[in-house]
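K.L.:
The following comprises the amino acid sequence and a computationally predicted model.
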Amino acid sequence: MSPIDGAPVLTAAQMRAAEGQAMAGGVSEAELMQRAGEGIARAVARVAAGRKTLILCGPGNNGGDGYIAAAALQRQGLSVRVAVSDEPRSYGARRAKAAWNGTVEAMADAEPAPVLVDAVFGTGLSRAPDAAVQAALRRLASAAWLCIAVDLPSGIASDDGTPLGAVPGFDVTLALGAVKPSHLLQPAAGLMGQVRLIEIGVAVDTKIRVMKRPDLPQPDATSHKYSRGMVAIVAGSMSGASELAAMAALRAGAGYVLHLSSDPPSGSARPHAVVRRAYAPDALREDRIGAVVIGPGLGRDEDARERLETAIASGRPLVIDGDALRLVDIATLHRHEGRKILTPHGGEFAHLFGEMPEGKLAATLRAAERSGAVIVHKGADTVIAAPDGRAILCPEASPWLSTAGTGDVLAGAVGAMLAAGMEPLAAAEAGVWLHAQAARACGAAFIADDLAEALSAVRG
């Protein structure tokens, strides 16, 4: 049982293919099930701390994993019971049940236990479980001290974060072989508790993974302000938002931040480390600019459109956020051949790319390919996708980020990473990671100014 930081993410179909490849290579289905069941047992024994355990088994291979886990716990001398929603239907589940040396109860009639393990349904579910199964699961979960889901809580679609019924919340979810999209996509992610990975020895080939701590650019003895990255912030009608982005870029590690606005404030403006100049179209011709951030507080008038067109035409690496996402044209964006990152929230994403019936992950991958840009699709379940099909799913960050200006801070942090020379997907991941860590450091009821300030403390 291990943390999921950086772990590969597989859809249900990809997981089946990976298991099929393992079996084609000589690993039997029975061996895969044995590995999964024993891994579940080790994890349950660790967190249950000797408490009585009830394992719920379904009719398929997820239930088979549950029977093997129960047998393994029984061999360790732990108090374990098994209750079933239905008799085993797959060959693997029937064979696994034969290994269980104990009674089998009906799930509908089972008495609760302090530790509940849900192995009824796992990956690949396409419809809601029977109403009686849902009711029994909710009853037993509500009475348990600790609830553990095997692979996925029963009633969760694997690939798009959709609950297919009334699914109770769990304390721990044990992902088998690989993380699944719904472990991190809302609203399902809110039901998972802590997600931990159980390795079953299956080779995984995927372009999608969970966010991990990035390798952040670090200065050395030869560094200077320009080598650390120069970020130009193109301001508009609401200077507060662009000032937040500028401060965030500095606090995230940029060596030089240039704030370009129509009416630069006097020399008393803080922080003094931000260089403030009057905006002019030729200001972006400065060869040392490593990234241009445009959108925070830009406005949506004709002047804002002209500034966005100038930024795109400059060829400089771009971070496009806020108002600029309401103005940008995807066809025009394709004319920008440099590195570019778009950071839309849900409403901005729908404006640019339309609704997403295929789910957030698939929609973000589609948007990245269509735009030729890395997309940071913000939210409680942020998804980062690149045009080449790579994607990163981000664990839920602090809910206190739901306050004005935090998106401007993210844009500035991403801009600093891009200006430092990171490739766009890595720069986006680093910015999102720093943003989440700063929010965690701020605690509760912080404001965007606090968040920008906190980037320095988590930057190391």
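P.N.:
Right, received. Where do you want to start?
K.L.:
Output the helix or strand A413 falls within as CSV, restricted to C-alpha atoms.
P.N.:
Using DSSP states H and E, the element containing A413 is helix 406-419. Coordinates of each C-alpha in helix 406-419 appear next as CSV, following Å, rounded to 0.1, in the frame of the first residue of the first chain:
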residue,chain,number,x,y,z
THR,A,406,-6.5,32.9,-6.4
GLY,A,407,-6.7,32.2,-10.1
ASP,A,408,-4.5,35.3,-10.8
VAL,A,409,-2.0,33.9,-8.3
LEU,A,410,-1.9,30.6,-10.1
ALA,A,411,-1.4,32.4,-13.5
GLY,A,412,1.6,34.2,-12.0
ALA,A,413,3.1,31.1,-10.5
VAL,A,414,2.7,29.2,-13.8
GLY,A,415,4.3,32.1,-15.7
ALA,A,416,7.3,32.0,-13.4
MET,A,417,7.8,28.3,-14.1
LEU,A,418,7.4,28.8,-17.9
ALA,A,419,9.9,31.7,-17.8
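K.L.:
all helices of this structure, in order?
P.N.:
12-24, 29-48, 61-75, 91-98, 131-143, 239-251, 302-314, 323-327, 330-333, 346-353, 360-371, 406-419, 424-442, 448-458 (DSSP state H).
K.L.:
any idea how the chain splits into domains?
P.N.:
12-209, 230-458 (automatic domain parsing).
K.L.:
Could you point out which of those domains sits nearest L216?
P.N.:
Comparison of the domains of the chain against L216 by CB to CB identifies domain 230-458 as nearest, at 5.9 Å. All C-beta atoms are positioned from the backbone trio N, CA, C, and that covers glycine.
K.L.:
P153 and F170 touch, don't they?
P.N.:
Yes - between P153 and F170 there is a contact at 5.3 Å, judged by CB atoms under 8 Å.
K.L.:
Which neighbours do those two have in common?
P.N.:
Contact criterion CB atoms under 8 Å, 6 or more residues apart in numbering; residues shared by P153 and F170: D118, L191, M192.
K.L.:
In those residues, which residue is surrounded by the most others?
P.N.:
Using other CB atoms under 10 Å as the neighbour criterion, D118 leads these with 31 neighbours.
K.L.:
Can you give me the separation between G359 and S182?
P.N.:
Separation of G359 from S182 (CB to CB, to the nearest Å) stands at 9 Å.
K.L.:
shared neighbours of those two, which are they?
P.N.:
Shared contacts of G359 and S182, defined by CB under 8 Å, 6+ apart, are found at D159, D160, G161, T162.
K.L.:
Between these, which sits nearest A136?
P.N.:
For the shared contacts of G359 and S182, the closest approach to A136 (CB to CB) belongs to T162, at 21.5 Å.
K.L.:
ok so, going back, using a markdown table, lay out the domains of the chain together with mean pLDDT and distance to T222.
P.N.:
As requested, the domains of the chain are exported to a markdown table (pLDDT from 0 to 100; distance: least, CB to CB, whole Å):
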| stretch | mean pLDDT | distance to T222 |
| --- | --- | --- |
| domain 12-209 | 95 | 33 |
| domain 230-458 | 94 | 13 |
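K.L.:
Could you export these to a markdown table, including columns for distance to D220?
P.N.:
Formatted as a markdown table, the domains of the chain follow (distance: least, CB to CB, whole Å):
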| stretch | distance to D220 |
| --- | --- |
| domain 12-209 | 29 |
| domain 230-458 | 13 |
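K.L.:
These: which one's closest to Q218?
P.N.:
With CB to CB, the closest approach to Q218 among the domains of the chain belongs to domain 230-458: 8.6 Å.
K.L.:
Looking at G359 and S182, which has the bigger crowd around it?
P.N.:
Using other CB under 10 Å, the more surrounded residue of G359 and S182 is S182, with 32 against 17.
K.L.:
Next one: the more buried one from M230, what distance?
P.N.:
Going from S182 to M230 by CB to CB gives 41 Å.
K.L.:
which residues does the residue nearest the centre of the chain contact?
P.N.:
With distances taken as CA atoms, centre = their mean, the residue of the chain nearest its centroid is C394 (1.8 Å). By CB under 8 Å, 6+ apart, the contact set of C394 is L184, V210, M211, D381, T382, V383, I384, V432, A436.
K.L.:
G443: how many residues sit nearby?
P.N.:
11.
K.L.:
Could you find the closest non-adjacent residue to it?
P.N.:
Distances taken as CB to CB, 6 or more residues apart in numbering put W400 closest to G443, at 7.8 Å, once the chain neighbours are dropped.
K.L.:
Surely the one you found is in contact with A445?
P.N.:
Yes - here W400 lies in contact with A445, judged by CB under 8 Å, at a distance of 6.5 Å.
K.L.:
Look at the two and report which has more neighbours.
P.N.:
Between W400 and A445, W400 has the larger neighbour count (other CB under 10 Å), namely 17 against 8.
K.L.:
Please report the distance of that one from E358.
P.N.:
30 Å.
K.L.:
Spell out, range by range, the strands that occur in the stretch 101-250 of the chain.
P.N.:
For the stretch 101-250 of the chain, the strands defined by DSSP state E, counting those that start in this stretch cover 104-106, 115-119, 146-150, 172-176, 194-198, 208-210, 230-234.
K.L.:
How many neighbouring residues does A106 have?
P.N.:
By the criterion of other CB under 10 Å, A106 has 11 neighbours.
K.L.:
One more: L434?
P.N.:
By other CB under 10 Å, 26 other residues sit near L434.
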